[in-house]
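> Sequence first, predicted model second:
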Amino acid sequence: MQQTSTRSPTSQVRPEAFGYDQARHLLWRAGFGGTPEQVQTLVSWGPTKAVDYLLDAEKVDFREARADEFNSSIMRPPTMEEQAAIRRARQTQDENALAQVRLEQQRRQRDDRRQAREVQRWWLARMIETPRPLEEKMTLFWHGHFATSYRTIEDSYHMFQQNRMFRAHALGNYGDLMFRIIRDPAMLAYLDNNDSRRDRPNENLARELMELFSLGVGNYTERDIKEGARALTGYTFRDDEFYFDQGNHDTGAKQILGVSGNLDGDGFVRAILARPACSRFMCRKLYAFFAAEPPDSDRELTRDASGVLREMASDMLRSRYAVKPVLRRLFLSEHFYSPEVMGQHIKSPTELVVGAVRSLLTPARDLSILLDAMDLMGQSLLFPPSVAGWAGGRAWINTSTLFVRQNILAYLLTGKRPQGYDPLADEQKYDPAPLLSGLDESARTDPSRVIDYLLRFTVGSAPTHARATLEQFVASHGGRVSNDMITGLLLIITAMPEYQLT
């Protein structure tokens, strides 16, 4: 008689079921991939130690992002003396003086655009180098969740400040981030709250705070938006710091999401966090980012996905919106390592590029070229397309982006660009030999075993068509394993559709 399993869909993955493929999956989803050696380390640790190591990022020593990494004064407001000089020039119609003011403003804007590029390079380098991959992955998550674009605010230091805030609270508390985001100069400028007035409240921040950042459509009313906008009046900034303009704050009674009183921005956020829909909404966002895109309707969820989401939301409420317990629940669930989740996620441009450097051990080469490629693939850091962030999923893939994806992997592996070779390609020669450290000496010279090993490491499986192509390549190039041969195999593998998935 066949016995039925008594394990629930939210059961924790068993140590004996956590092998090479599961460890590889965890490193890609909770970070940006890992080397074969790192995969084997996680296997030896088992699921609990592996997940806790990734979650406890603060215990791993790494340089912090200092406030003085970038120039905060490029887009500073004019001094009192400068304001007075501008007023005099306007009163006297001194066109030469006004022209100098315009030229100075244009110079600052050019300098700031250059610094925005430097911030992009700095963050990309940090994602590549960090020994705290989940911290940077969560920083990327918050950047897409509380999406803010440099294109609108045109202040690189404010974008850098926001990035530091996301990192400082990356694995902390979502509620704390909500209180901070209504005080963040970049967000206040992006959603026009600095232009909100007591007698003319701007509704942008109030609407997105509920629709995109916490509750989702259908869990608030238009009245909640209007009252929330009143609560946020006076929330502005001066230079690089939040400033509460008491004289411009609406002190009248308000009713938001069933909570009444003289509510300010903090009262608005507390009213949001008190709604059960908030934890459910946030856990769906985290599940979509780290596991799989859930269907629009809860009724269409599989039993396993529904169970895990329910437990994640309970953990979030129980911990008063702490992030770690929620991710721990997900990463240790059997469901996270099921066919429903593994190999079903399309790598974002950031995951593709950073993951290739970190897992294949390629040179990072020219970060500007990597950033340009990420932009062409649809993800320019600091430039999300809208307040809704990046759509992700299938939106990442089309004939144009696939071409760029293949080219940028070829660039990382060989230094070759569509327009020619990188001048530093010979100095930054790619050495793939360390990737074979998991094979014994005899296996490293066996093309068949090398092919199987590389396929399992890079795509998690060995599709028949892929293996045949790789065997044909080896046979046509002498049949001997060498560094050039391994690089050639990786060029073929990284051009496969399967490599776009994790």
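Good, I have the coordinates.
> From now on I want contacts and neighbour counts done on CA atoms only, so please keep to that.
Fine.
> ranges for the strands of the stretch 351-500 of the chain?
Taking DSSP state E, counting those that start in this stretch as the test, the strands found in the stretch 351-500 of the chain are 416-417, 420-421.
> Next, format these as CSV and append distance to Leu332.
Formatted as CSV, the strands of the stretch 351-500 of the chain follow (distance: least, CA to CA, whole Å):
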stretch, distance to Leu332
strand 416-417, 41
strand 420-421, 44
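> who does the lowest-mean-pLDDT helix or strand in the chain touch, helix- and strand-wise?
The weakest-scoring helix or strand in the chain, judged by mean pLDDT, DSSP states H and E, is strand 420-421 (a mean of 71). Using 3 or more CA pairs under 8 Å, 6 or more residues apart in numbering; DSSP states H and E as the contact test, no helix or strand touches strand 420-421.
> how about the helices in the stretch 101-250 of the chain?
Listed in chain order, the helices of the stretch 101-250 of the chain (DSSP state H, counting those that start in this stretch) span 133-145, 150-153, 156-168, 174-181, 185-190, 204-211, 222-231.
> Select, out of those helices, the one closest to His477.
For His477, the closest of those is helix 133-145, at 37.5 Å, according to CA to CA.
> The residue nearest to Ala433 when sequence neighbours are not counted - how many residues pack around it?
Using CA to CA, 6 or more residues apart in numbering and skipping the chain neighbours, the partner closest in space to Ala433 is Asn483 (6.4 Å). Neighbourhood size, Asn483 [other CA atoms under 10 Å]: 13.
> Which residue ranges make up the domains of the chain?
When the chain is parsed with automatic domain parsing, its domains come out as 13-55, 276-337, 433-500.
> Distance to Val269 and mean pLDDT added to the ones you listed, as a markdown table?
Output for the domains of the chain, formatted as a markdown table (distance: least, CA to CA, whole Å; pLDDT from 0 to 100):
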| stretch | distance to Val269 | mean pLDDT |
| --- | --- | --- |
| domain 13-55 | 26 | 98 |
| domain 276-337 | 11 | 97 |
| domain 433-500 | 38 | 93 |
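> Neighbours of the residue nearest to Val119 when sequence neighbours are not counted, how many?
Leaving aside its chain neighbours, Val119 sits nearest to Phe160 (6.7 Å; criterion: CA to CA, 6+ apart). By other CA under 10 Å, the residues close to Phe160 number 25.
> which residues sit against the least confident helix or strand of the chain?
Gly415 (CA atoms under 8 Å, 6 or more residues apart in numbering).
> Paired strands for that strand, with orientation please.
strand 416-417 (antiparallel) (DSSP bridges).
> So what's the gap between the strand it pairs with and the chain middle?
A distance of 27 Å separates the centroid of the chain from that of strand 416-417, by CA atoms, centre = their mean, to the nearest Å.
> Tally up the residues packed near Ser400, please.
By other CA under 10 Å, 10 other residues sit near Ser400.
> before we move on, what about Phe403?
Counted by other CA under 10 Å, the residues lying close to Phe403 total 13.
> Same question for the one 5 residues further on.
Ile408: 25 surrounding residues under other CA under 10 Å.
> now the spatially closest residue to it that is not a sequence neighbour: how far from Tyr157?
Beyond its immediate neighbours in the sequence, the residue positioned closest to Ile408 (CA to CA, 6+ apart) is Ala373, lying 6.7 Å away. The gap separating Ala373 from Tyr157 is 24 Å, by CA to CA, to the nearest Å.
> neighbour count winner among the two?
Remark: of Ala373 and Tyr157, Tyr157 carries more neighbours, 27 against 21, as counted by other CA under 10 Å.
> circling back: may I have the predicted confidence score for the residue nearest to Ile408?
At Ala373, the model reports a pLDDT of 98.
> can you tell me how far it sits from Ala253?
Counting by CA to CA - Ala373 and Ala253 are separated by 51 Å.
> cool, and Leu376?
Counting by CA to CA, the gap from Leu376 to Ala253 is 49 Å.
> Tell me how many other residues crowd Phe70.
Other residues near Phe70 come to 16 when the count uses other CA under 10 Å.
> what residues are up against the residue in the chain sticking out farthest from the centre?
Taking CA atoms, centre = their mean, the residue of the chain most remote from its mean C-alpha position is Thr92, at 51.2 Å. Neighbour list for Thr92: empty [criterion: CA under 8 Å, 6+ apart].
> please redo it, this time with the cut-off set to 10 Å
Going by CA atoms under 10 Å, 6 or more residues apart in numbering, Thr92 touches Ile86.
> what residues are up against the nearest residue to Ser156 once chain neighbours are set aside?
Distances taken as CA to CA, 6+ apart put Ala116 closest to Ser156, at 4.8 Å, once the chain neighbours are dropped. Residues counted as contacts of Ala116 (CA under 10 Å, 6+ apart) are 70, 110, 122, 150-151, 154-160, 381-382.
> doesn't Ser279 make contact with Ser314?
Yes - using CA atoms under 10 Å, Ser314 makes contact with Ser279 at a distance of 7.9 Å.
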